[in-house]
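let me see the structure of the following:
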Amino acid sequence: MWQSIGGNGNQTVASIEGFLGNSWLARQLLVDETLATNLMTHAIQEMGYLSEFLSELYVRETAVPEIVANEEIEE
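I've put the predicted structure just below:
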């Protein structure tokens, strides 16, 4: 998810730029079919890459340190 400069952590910050930038009219005027297709392709590729390592990363980042150390020794 994109974050804007000056955001407030994970809280939604209302702004005129956010409202106008994500409006139906802005998308119709600024995003042509080629750009939309390219963005979709990029998103599909990115999800594929992320799916390869995010589950393992989550387990490692949220696990008890002793368990992670034991898994590394077994590998």
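
and the host helix or strand of Gln28, average pLDDT?
Assigned by DSSP states H and E, Gln28 belongs to helix 24-30. With pLDDT averaged residue by residue, helix 24-30 scores 81.

check which residues of that helix are buried.
Neighbour counts using 16 or more other Cβ atoms under 10 Å place no residue of helix 24-30 among the buried ones. (Glycine included, C-beta is placed from N, CA and C.)

can you give the contact residues for it?
Where contact means Cβ atoms under 8 Å, 6 or more residues apart in numbering, the residues beyond helix 24-30 that reach it are Leu20.

phi, psi of Asn22?
Summarising the backbone geometry of Asn22 under the convention degrees, to the nearest 10, its torsions are phi -110, psi 20.

which regions of the chain lie under the pLDDT threshold?
Residues of the chain meeting the criterion pLDDT under 70: 1-13, 65-75.

got the phi and psi for Asp32?
Note on Asp32: backbone dihedrals following degrees, to the nearest 10 are phi -90, psi 180.

next secondary structure element downstream of the helix holding Gln28?
Following helix 24-30 toward the C-terminus (DSSP H and E): helix 33-62.

which helices and strands sit right next to that next one?
If you count contacts as 3 or more Cβ pairs under 8 Å, 6 or more residues apart in numbering; DSSP states H and E, helix 33-62 packs onto no helix or strand.

hey, C-alpha coordinates of the helix holding Gln28 in PDB?
Taking C-alpha atoms only, helix 24-30 is exported to PDB below (Å, rounded to 0.1, in the frame of the first residue of the first chain):
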ATOM      1  CA  TRP A  24     -13.300   8.100 -10.400                       C
ATOM      2  CA  LEU A  25     -12.800  11.200 -12.500                       C
ATOM      3  CA  ALA A  26      -9.100  11.300 -11.900                       C
ATOM      4  CA  ARG A  27      -8.700   7.700 -12.800                       C
ATOM      5  CA  GLN A  28     -10.700   8.200 -16.000                       C
ATOM      6  CA  LEU A  29      -8.600  11.200 -17.000                       C
ATOM      7  CA  LEU A  30      -5.200  10.000 -15.900                       C
END
